[in-house]
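>>> requesting a structural model of the entry that follows:
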Amino acid sequence: GDNGGDKQQTSQKDATSAKPQESNKDKAKPVATKGISGTPWCIVWTGDDRVFFFNPTTRLSLWERPDDLKQRKDIDQLLADPPHKSKPQPPPTAPDTNESNALKKPAQSSVGSEPDVKKSRTDEIRVYDASKEATIEQEIRAAKERAAIPLETRMQQFKEMLEERGVSAFSTWEKELHKIVFDSRYVLLTAKERKQIFDQYVKNRAEEERKERKRLAKQVKDEFFTLCEEAAIGIKSSFSDFALKFGKDERFKRVEKLRDREDYFNEFISDLRRREKAMAMEKREKNKKEYKEMLKELDLDARSRWSKIRDKISQDPRYKAIESSNLKEDIFRDYVCTLSDGEDSDVDGTRREQDRLKRIEESIKEREKEVAAQRSELTRGLDKEREMYRKDEAIMNFKSLLSDLIRRCDADWKEARRVLKKDSRWELADMLDRDQRENLFDDHINDLLKKKRDKFHELLAETEGVSLTSTWKEVRRLIRDDPRYEKFAASDRKKEREFEEFIKERFLQAKTDFKDLLRETKLITYKSKKMVDESEAHLKDIENVLEQDRRYLLLDCVPEERRRILMNYVNELDKKGQPPPPTATEPNRRLPPPVQP
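Numbering: from 1, shown residues only. Purely as a prediction, here's the structure:
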């Protein structure tokens with residue numbers, strides 16, 4: 001029996017420890033909100049008596065008061081007297097003697113404070129039970145209201161609440177919940193019904209807004225077209241002239257984007273062109289009809305001739321209305337054909353059929369000629385592509401043959417040709433003529449020479465002690481043991497000439513790099529010449545800055561030449577004077593914007 005009692009006490013302790021944790025989570029949730037007039041912010045109170053500020057537009061939450069809400073007495077009053085705590089409170093009861101004594105006395109020890117801890121836990125459980133009972137009571141009251149009010153009425157009131165609270169048609173339930181959760185009409189529906197009505201409202205509202213935007217866009221477009229009609233625009237009018245003349249008109253300004261304005265203008269011009277074309281077509285048909293009516297008024301038969309009738313009707317307005325003389329004659333002949341008797345009609349019909357068949361036959365023959373010409377051109381193109389492909393393949397095979405058999409730079413074409421002919425791959429280059437083969441051989445020899453030259457230059461660049469003022473005798477002692485020295489050339493004179501060419505190229509490159517360094521140095525300006533003339537210290541300062549760069553140190557062996565290049569650059573800047581201010585064509589000369597603190 002004692003063991004059973006201990007287990008029961010233990011389970012009660014676990015339950016009491018779990019319920020305060022759940023109650024603490026519930027207390028952290030919002031319990032009330034209040035919008036601040038004139039701002040997008042609202043104040044939110046939580047169950048644990050904390051307050052934060054929420055902006056539903058930017059979805060921003062702050063524990064501290066925003067800057068634009070400071071110095072507001074109405075907010076101070078709301079924080080001091082929250083709306084959800086403004087209900088009258090029961091009169092305070094006399095504090096318990098033990099509690100007051102406990103407040104006055106300091107805590108003795110952890111053992112002595114155990115009764116207080118148990119009491120606080122009991123109070124928390126009571127608060128949790130009270131809040132749970134309040135929630136249950138609120139749900140019961142809401143259920144009674146739902147039972148008393150018809151579903152259609154509750155649904156209508158819920159929709160009105162959504163509209164009044166400004167629920168966005170393009171948002172979600174979770175984002176809009178804070179706007180409606182504290183409204184009394186929120187509990188008129190169950191959770192499932194609320195979500196269904198919300199989804200239906202958002203869908204309908206989005207469709208209405210899309211229709212409204214479409215209607216407004218059409219209205220703006222129609223007004224723009226009305227403006228174009230009032231402006232008496234022609235098919236040759238330009239948008240720039242139209243915008244210059246009517247740019248201040250409200251109907252022009254209502255179209256916000258310039259591109260849309262130009263598109264509407266072009267669409268109006270296209271419609272105007274179509275209308276004019278349709279009117280011209282209608283006018284031509286009307287003139288043709290009136291012309292035929294004029295022919296009917298004449299005493300014509302199947303033997304009437306155009307040359308005789310033309311002079312009789314040339315002054316008639318209906319004759320002049322037809323612009324093309326060929327069209328006038330064609331209409332006349334068609335009309336005369338309708339006046340022929342049966343026999344003449346049969347003869348003319350047979351003749352017309354023969355003419356039609358003849359035209360078809362000639363058209364077929366013409367088409368066959370075109371197809372044959374196209375096929376011949378296509379065949380020539382394919383043959384040319386095949387020939388080019390075979391030629392490219394022959395060149396590739398011949399290059400491979402050269403790479404395998406010709407490895408000496410001093411080989412000549414006659415000697416090489418005898419060696420190449422012994423290989424079976426020589427036959428694969430039959431498409432190449434003699435000049436083409438010799439040109440490919442020359443290119444191959446040049447590639448071999450370039451590789452050897454690059455290897456020799458690489459040896460010189462890697463060797464320490466080789467400077468711009470080094471002599472060939474000094475350098476030869478440093479590199480003569482390297483295999484690349486012997487492979488370059490058998491003649492020492494060729495090696496010396498190549499060394500001199502290497503030094504010359506390197507010296508030119510060093511001077512070019514040094515000039516680039518001078519242009520990059522901001523310390524050297526158009527004022528440097530005057531400052532150097534006044535004091536040699538400025539020149540020393542420039543050299544101290546330059547010697548931090550490798551491009552300056554490369555010319556240590558020729559300091560006089562380096563000083564000469566520097567002074568030439570300073571004198572050049574002095575002659576040019578102050579540079580012009582930065583322009584739109586040179587944005588890189590603009591100073592960067594100041595950095596905000």
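
>>> what separates the longest helix seen in the chain from the chain centre, distance-wise?
Counting residues, the longest helix in the chain under DSSP state H turns out to be helix 342-405. Relative to its chain's centre, helix 342-405 lies at 46 Å (C-alpha atoms, centre = their mean, to the nearest Å).

>>> which strands and helices sit next to it?
helix 413-421, helix 434-462 (3 or more C-beta pairs under 8 Å, 6 or more residues apart in numbering; DSSP states H and E). The C-beta positions use only the backbone N, C-alpha and C, and glycine is treated the same way.

>>> what average pLDDT does that helix get?
Mean pLDDT, helix 342-405: 82.

>>> okay, the angle between it and helix 413-421?
Going by axes from the mean of the first three to the mean of the last three C-alpha atoms, to 10 degrees, helix 342-405 is angled at 100 degrees with respect to helix 413-421.

>>> how about the strands in the stretch 101-250 of the chain?
Using DSSP state E, counting those that start in this stretch, the stretch 101-250 of the chain contains no strands.

>>> point out where it drops to low pLDDT.
The stretch 101-250 of the chain contains residues with pLDDT under 70 at 101-139, 141.

>>> what does the pLDDT read for Asn98?
Looking at Asn98, its pLDDT reads 39.

>>> make that Asp26, sorry
Confidence score, pLDDT, at Asp26: 61.

>>> related to what we said a few turns ago, between the helices and strands packed on helix 342-405, which one is nearest to Lys253?
Using C-beta to C-beta as the measure, helix 434-462 is the one of the helices and strands packed on helix 342-405 that comes nearest Lys253, at 69.3 Å.

>>> is the residue most central in space within the chain within a helix or a strand, and which one?
Nearest to the mean C-alpha position of the chain, by C-alpha atoms, centre = their mean, lies Arg259 at 18.3 Å. Using DSSP states H and E, Arg259 maps to helix 258-297.

>>> any idea how far Tyr201 is from Leu573?
Distance, Tyr201 to Leu573, by C-beta to C-beta, to the nearest Å: 73 Å.

>>> just Arg380 next, same as before
Distance, Arg380 to Leu573, by C-beta to C-beta: 64 Å.

>>> repeat for Phe239
49 Å.

>>> do the same with Met531
From Met531 to Leu573 the distance is 12 Å (C-beta to C-beta).

>>> repeat for Thr512
18 Å.

>>> more neighbours, these two?
Leu573 (18 against 11; other C-beta atoms under 10 Å).

>>> nearest residue to the more buried one other than its sequence neighbours?
Tyr526 (4.6 Å; C-beta to C-beta, 6 or more residues apart in numbering).

>>> surely that neighbour forms part of a helix?
No. Counting by DSSP: H, G, I helix; E, B strand; the rest coil, Tyr526 falls outside a helix, being coil.

>>> OK, contacts around it?
Contact partners of Tyr526, counting by C-beta atoms under 8 Å, 6 or more residues apart in numbering, are Leu573, Asp574, Lys576, Gly577, Gln578, Pro579.

>>> same check on Leu518?
Counted by C-beta under 8 Å, 6+ apart, Leu518 has contacts Ile524, Leu546, Ile565, Leu566, Tyr569.

>>> what's the answer for Pro82, then?
By C-beta under 8 Å, 6+ apart, the neighbours of Pro82 are Ala32, Trp45, Val51.

>>> how about a cut-off of 10 Å?
Val31, Ala32, Lys34, Ile43, Trp45, Asp49, Val51 (C-beta atoms under 10 Å, 6 or more residues apart in numbering).
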